[in-house]
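Chemist: pasting the sequence and the predicted coordinates here, then a few questions.
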Amino acid sequence: MAQLHIVGCGAIGSLLAAGAEKHNVNYSLYPRSAVSADIPGSAVWLDGKTFSLNGSVLPPQSLSANDVLIIPLKVYQLEEALTQWLPFLNQKPVVVLLHNGMGGQEIAQSLLGDHYPLLLATTSHGALKKRTSRNVSQVIFTGSGSITIGSSQPESIDIVTDLDNLENSKNKLIVACDLLTRVLPPVTISNDILYALWSKLAVNAVINPLTALNDVPNRAICDECYSELRHQICQEFVDVAASCGQRFDLRAIKNTVLEVATATGNNFSSMHQDIKYKRQTEIDAINGYIVTMANKKGISASTNALLVQRVKALSANTRLITSQR
Ligand SMILES: NC(=O)C1=CN([C@@H]2O[C@H](COP(=O)(O)OP(=O)(O)OC[C@H]3O[C@@H](n4cnc5c(N)ncnc54)[C@H](OP(=O)(O)O)[C@@H]3O)[C@@H](O)[C@H]2O)C=CC1
Ligand SMILES: CC(C)(CO)C(=O)C(=O)O
């Protein structure tokens, strides 16, 4: 039976732990430090009910071939985490990356090798962590969504000549999907996970920096005053995506952005919260990724580049103001 191993006790890692606890799935948590006070003691589910989390909290350990190691970390945290895990992955358990933005696949492949069983996932579930009145960490399931998962190299699975390899890759995808479905449904397998990730990138590239820079909730970016910026960010996104082999229709992607901003209207985006709580933002993996790919392909992404600069300046400013108080 596949075992679920969750790296980190962030909001999404803790939500996965809570889902496993609720549905009686065996899981282990691997925080950065086992003595960290941030390991969640309980979870508040969508129905408002609270329950405690009793999974094992362990340091990295050798996993077996049919285990599932999920890494719900930010892209800038991945290299360190994967380097810590590398000595324990000889049996090639499937590794699932789950984050916003892009660039995780490249980091993972450079460390694990191109043929490592690597899955990519994205989620629209919402979770946050807070401290209870007893100063214990608690995860709150704030919004029900879904998980989409797929192989990082579907094309190489199509052309692979080694049948064992083919079966192995497919099995690992199905095993991971089944396990995650028991933990936090619904989970959908995508035959083109890169397209799904690029699509989410467009949404984050518009909503996240605009809400962070203007200190507004998600719905505000639908206002007419942001119409030109939405257009420019999306136009550059569509051009860069096309140069990377991903075709998007400009009008459709602009509508998707508006739909998500409306559906999550009262929320403050993760980047808005990162600025507010003085955490490192994911700007490099979002608009920064668009700029990096544009530079590689020799096309312009000046609006996205400006947003990267502005968000970085805002982060630096917010930290400076706090340190002067
Ligand atoms: N929260 C949400 O609702 C959603 C989040 N996402 C995306 O999912 C990803 C994760 O987000 P989220 O859970 O909110 O982020 P968090 O910052 O809450 O979680 C990241 C966690 O990873 C831990 N960590 C970092 N490095 C290591 C390491 N080497 N070993 C073990 N643990 C480590 C961090 O610990 P430490 O504090 O010690 O650094 C932190 O607890 C992001 O890309 C986010 O955009 C997507 C959809 C919704
Ligand atoms: C979809 C969106 C914009 C929801 O807030 C998000 O993913 C984020 O805040 O990072």
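Modeler: Done, it's in. Residues are numbered from 1 along each chain as shown. Ligands and ions are numbered 1, 2, ... in the order given.
Chemist: domains of the protein?
Modeler: 4-189, 193-320 (automatic domain parsing).
Chemist: okay, the ones you listed in TSV with mean pLDDT next?
Modeler: Compiled in TSV, the domains of the chain are given as follows (pLDDT from 0 to 100):
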stretch	mean pLDDT
domain 4-189	91
domain 193-320	97
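Chemist: ligand 1 is nearest to which of these?
Modeler: Closest to ligand 1 of the domains of the chain is domain 4-189 (CB to the nearest ligand atom; 1.7 Å). Placement of C-beta: from N, CA and C, glycine included.
Chemist: off-centre distance for the closest one?
Modeler: Its chain's C-alpha centre and that of domain 4-189 lie 10 Å apart, by CA atoms, centre = their mean, to the nearest Å.
Chemist: begin at 42 from now on, thanks
Modeler: Got it, the first residue is 42 from now on, which makes the last one we talked about domain 45-230.
Chemist: quick one: list the elements packing against the host helix or strand of residue 70.
Modeler: Residue 70 belongs to strand 68-71 when assigned by DSSP states H and E. Packing partners of strand 68-71 (3 or more CB pairs under 8 Å, 6 or more residues apart in numbering; DSSP states H and E): strand 45-48, helix 52-63, strand 97-98.
Chemist: could you redo the last one with a cut-off of 6 Å?
Modeler: Contact here means 3 or more CB pairs under 6 Å, 6 or more residues apart in numbering; DSSP states H and E; on that basis strand 68-71 packs against strand 45-48, helix 52-63.
Chemist: parallel or antiparallel, list what pairs with the first one.
Modeler: Right, the one you point to is strand 45-48. Applying DSSP bridges to the sheet, strand 45-48 is found paired with strand 68-71 (parallel), strand 109-112 (parallel).
Chemist: ok, and what's touching whatever helix or strand comes next after the strand holding residue 70?
Modeler: Downstream of strand 68-71, the first helix or strand assigned by DSSP H and E is strand 83-85. Applying CB atoms under 6 Å, 6 or more residues apart in numbering, the contact partners of strand 83-85 are 59, 91, 93-94, 179-181.
Chemist: any idea which of those residues is closest to residue 216?
Modeler: Checking these against residue 216 by CB to CB gives residue 59 as the nearest, at 21.4 Å.
Chemist: not counting sequence-adjacent ones, nearest residue to residue 301?
Modeler: Among residues not flanking residue 301 along the chain, residue 244 sits closest, at 4.9 Å (CB to CB, 6 or more residues apart in numbering).
Chemist: so that neighbour sits in a strand?
Modeler: No - counting by DSSP: H, G, I helix; E, B strand; the rest coil, residue 244 falls outside a strand, being helix.
Chemist: hmm, it is touching residue 299, no?
Modeler: No - judged on CB atoms under 6 Å, residue 244 makes no contact with residue 299 at a distance of 9.8 Å.
Chemist: looking at these two, which one has more neighbours?
Modeler: residue 244 (23 against 17; other CB atoms under 10 Å).
Chemist: so the more buried one versus ligand 2, what's the distance?
Modeler: 5 Å (CB to the nearest ligand atom, to the nearest Å).
Chemist: who wins for proximity to residue 283 among the helices and strands packed on strand 68-71?
Modeler: Of all the helices and strands packed on strand 68-71, helix 52-63 comes closest under CB to CB, at 30.3 Å.
Chemist: helices or strands up against the closest one?
Modeler: Using 3+ CB pairs under 6 Å, 6+ apart, helix 52-63 sits against strand 45-48, strand 68-71, strand 167-172, strand 178-184, helix 204-224.
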